[in-house]
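Q: I would like the atomic coordinates for the input below:
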Amino acid sequence: MESSATRVLILDDDRDISSLLSALMNKEGLTSVMAHDGETALRMVPLARPDMMLVDVKMPGIDGMEVLKRVKETNPHLPVVLITAYAEISASVAAMRAGAFDYLAKPFDHSEVIRVVRAALAEGERRRRSQSEEIAADNCLRVMMGPSDAVTRIIREVNRVAQSDFSVIIQGETGSGKELVARALHQLSSRDGGPFIPLDCGAIPETLIESELFGYQKGAFTGATGPKAGKFEAAQGGTLFLDEIGNLPLASQTRLLRVLQEKAVLRLGATRPVKINVRLLTASNQELQGLVTSGQMREDLFFRLNEFTITVPPLRERKDDIPYLAKRFMDLTNKELQKNVRRLSEYCLEALLSYNWPGNVRQLRSVIRRAVLLADDIITEKHLDIKRAPVPGLAFTPKIQGTPWDEFSLREIVHRSVVTVEREVLLQVLKYTRGNKAKAARLLQIDYKTIHTKLKQFGINQSGGGHD
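A: Numbering: from 1, shown residues only. Below is the predicted model:
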């Protein structure tokens, strides 16, 4: 009973047939256990823990159909093969619809028995592996992200695509947990033994992004004193995760597309490409289809990357996760600081739930860590740093000049108004920060590269004024 060998539970009231099937199983290197009535077989299932069952349909007492029904209620992944007479095949086909894996008709051919048994065992292994992966994804992401329906949906999508080599775009606001999803996809894939290499495309200057991605040879440019492998080579056999892919310059997008098509990377200054075996995952806090429309992203690259999309909702749309995450961050910070802050007050939780969380989970973590540092026993509202001071100078009302409807559609009028408002907001905030673009980017909750792009787009100079 304690052997790790593959087990087949044989249920047949005809002891001669049971013995024959048992001998066939043993000859194939399988361990067989036998039962001669339904009640005994059902008691044996949790004890013997078989990998599959061979079940005769016609038996006194609990028949094979009832055994099938009860087994499927408690062990839905256990394959059951029915044994039946030729005259009962139609009933067996109906039973298969109820959950039987296959049927064997008496008198049966020995080679056919082995074929069906092997197929059932393979299916059982596939089902167990799939169930194990689902449990792993559930443990991995639910612990890190929370118990909400939105997280359940993400787990389901991760399970669906993890085992493939599909390129996946993970869409979501900054701080919402996109990298957690990317790491789960890697850990649940066949590449989990290989490296997971993340790269933030928005944090690297345009002049360096290609050398980071593709590597370079000695002498490729000033300062290249020796060869260096890029992120693609570093991710060989594993997963490359490109965060904020929308910030990748168009020239680099062209090279990236070529690498993906040819499955080979050419280092800067090299003449011979290096073959790569890498799965690519990307993430963006912008709508990539919009970047395609505006000409900031190649359409063919977008289609190549967008084989599957997972959207991570912002924290304000996952309210059920907030109490769970707040407690989790409290417990982790207690351990880090060797404190014993016991709980969050009711009013504190209400404040957390009513806040909009522009910085998402990353901001919540920071707020709770600070609160644990300040609190002695219970975290209250006074320990929360979530009251953002208003930025002066932004209380303006956009005006519609003239009668634009004489010339433009509503869509065009709204688009032009949005552009006007966006430019005005940038001007006001830069005036408030006295031209400090880094501070302006923080206030507007956009990255530093994005604000540079916007300033260029709207013709705003370094000090915050418009170009002459």
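Q: ranges for the helices of the stretch 101-250 of the chain?
A: Taking DSSP state H, counting those that start in this stretch as the criterion, the stretch 101-250 of the chain carries its helices at 110-137, 143-145, 149-161, 178-187, 206-214, 231-234, 250-262.
Q: and of these, who's closest to Ala283?
A: Nearest to Ala283, of all the helices of the stretch 101-250 of the chain, is helix 178-187, at 4.2 Å by C-beta to C-beta. Using the backbone N, CA and C atoms, a C-beta is placed for each residue, glycine as well.
Q: Packing partners of the closest one?
A: When contacts are defined as 3 or more C-beta pairs under 8 Å, 6 or more residues apart in numbering; DSSP states H and E, helix 178-187 packs onto helix 149-161, strand 168-171, strand 196-200, strand 239-243, strand 279-284.
Q: I'd like these as JSON lines, with mean pLDDT appended.
A: What follows is the helices and strands packed on helix 178-187, written out as JSON lines (pLDDT from 0 to 100):
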{"stretch": "helix 149-161", "mean pLDDT": "92"}
{"stretch": "strand 168-171", "mean pLDDT": "97"}
{"stretch": "strand 196-200", "mean pLDDT": "95"}
{"stretch": "strand 239-243", "mean pLDDT": "97"}
{"stretch": "strand 279-284", "mean pLDDT": "96"}
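Q: Most tightly packed of the helices of the stretch 101-250 of the chain?
A: Among the helices of the stretch 101-250 of the chain, helix 178-187 has the highest mean neighbour count (mean count of other C-beta atoms under 10 Å), at a mean of 22.
Q: Could you give the average pLDDT over that one?
A: When pLDDT is averaged over helix 178-187, the result is 94.
Q: Please apply the same query to stretch 5-20.
A: The average pLDDT for stretch 5-20 rounds to 90.
Q: what about that stretch, how long is it end to end?
A: With C-alpha to C-alpha, to the nearest Å as the measure, stretch 5-20 spans 20 Å from end to end.
Q: Tell me who's in contact with Leu325.
A: Applying C-beta atoms under 8 Å, 6 or more residues apart in numbering, we find Leu325 in contact with 145-146, 361, 364-365.
Q: Please report how far it lies from Gly38.
A: Between Leu325 and Gly38 the computed distance is 49 Å (C-beta to C-beta, to the nearest Å).
Q: Can you list the residue ranges for strands in the stretch 251-400 of the chain?
A: 264-265, 274-275, 279-284, 308-311, 343-344, 378-379 (DSSP state E, counting those that start in this stretch).
Q: What are the phi and psi values at the residue nearest to Ile62 when sequence neighbours are not counted?
A: Of all residues not flanking Ile62 in the chain, Gly38 sits nearest, at 2.9 Å (C-beta to C-beta, 6 or more residues apart in numbering). Phi and psi for Gly38, reported as degrees, to the nearest 10, are phi -60, psi -40.
Q: was I right about Gly38 contacting Gly61?
A: Yes: between Gly38 and Gly61 there is a contact under C-beta atoms under 8 Å: 5.7 Å.
Q: more crowded one of the two?
A: Gly38 (23 against 10; other C-beta atoms under 10 Å).
Q: residue contacts, the more buried one?
A: Contacts of Gly38 by C-beta under 8 Å, 6+ apart are 11, 59, 61-64, 66-67.
Q: and those residues, which are buried?
A: Buried members of these, counted by 16 or more other C-beta atoms under 10 Å: 11, 59, 62-64, 67.
Q: quick one: which of those sit in helices?
A: Counting by DSSP state H, the part of the buried ones among the contacts of Gly38 found in helices is 64, 67.
Q: In JSON lines, list the buried ones among the contacts of Gly38 along with distance to Lys275.
A: Shown next, in JSON lines, are the buried ones among the contacts of Gly38 (distance: C-beta to C-beta, whole Å):
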{"residue": "Leu11", "distance to Lys275": "53"}
{"residue": "Met59", "distance to Lys275": "59"}
{"residue": "Ile62", "distance to Lys275": "60"}
{"residue": "Asp63", "distance to Lys275": "59"}
{"residue": "Gly64", "distance to Lys275": "54"}
{"residue": "Val67", "distance to Lys275": "54"}
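Q: would you list the contacts of Gly38 in JSON lines and tack on distance to Ser417?
A: Output for the contacts of Gly38, formatted as JSON lines (distance: C-beta to C-beta, whole Å):
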{"residue": "Leu11", "distance to Ser417": "74"}
{"residue": "Met59", "distance to Ser417": "78"}
{"residue": "Gly61", "distance to Ser417": "79"}
{"residue": "Ile62", "distance to Ser417": "74"}
{"residue": "Asp63", "distance to Ser417": "74"}
{"residue": "Gly64", "distance to Ser417": "72"}
{"residue": "Glu66", "distance to Ser417": "70"}
{"residue": "Val67", "distance to Ser417": "70"}
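Q: Tell me which of the strands of the stretch 251-400 of the chain sits most buried.
A: Of the strands of the stretch 251-400 of the chain, the one with the most neighbours on average (mean count of other C-beta under 10 Å) is strand 279-284, at a mean of 24.
Q: Averaged over its residues, which helix or strand of this protein has the lowest pLDDT?
A: helix 89-97 (a mean of 59; mean pLDDT, DSSP states H and E).
Q: For the residue nearest to Ile62, give its distance to Ser32.
A: Taking C-beta to C-beta, one finds Gly38 at 18 Å from Ser32.
Q: can you check Gly219 too?
A: Distance from Gly219 to Ser32, by C-beta to C-beta: 69 Å.
Q: okay, those two: which has more neighbours?
A: Using other C-beta under 10 Å as the criterion, Gly219 and Ser32 rank with Ser32 on top: 21 against 12.
Q: In TSV, list the helices and strands packed on helix 178-187 along with distance to Gln338.
A: Listed next are these as TSV, based on distance: least, C-beta to C-beta, whole Å:
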stretch	distance to Gln338
helix 149-161	30
strand 168-171	36
strand 196-200	31
strand 239-243	33
strand 279-284	35
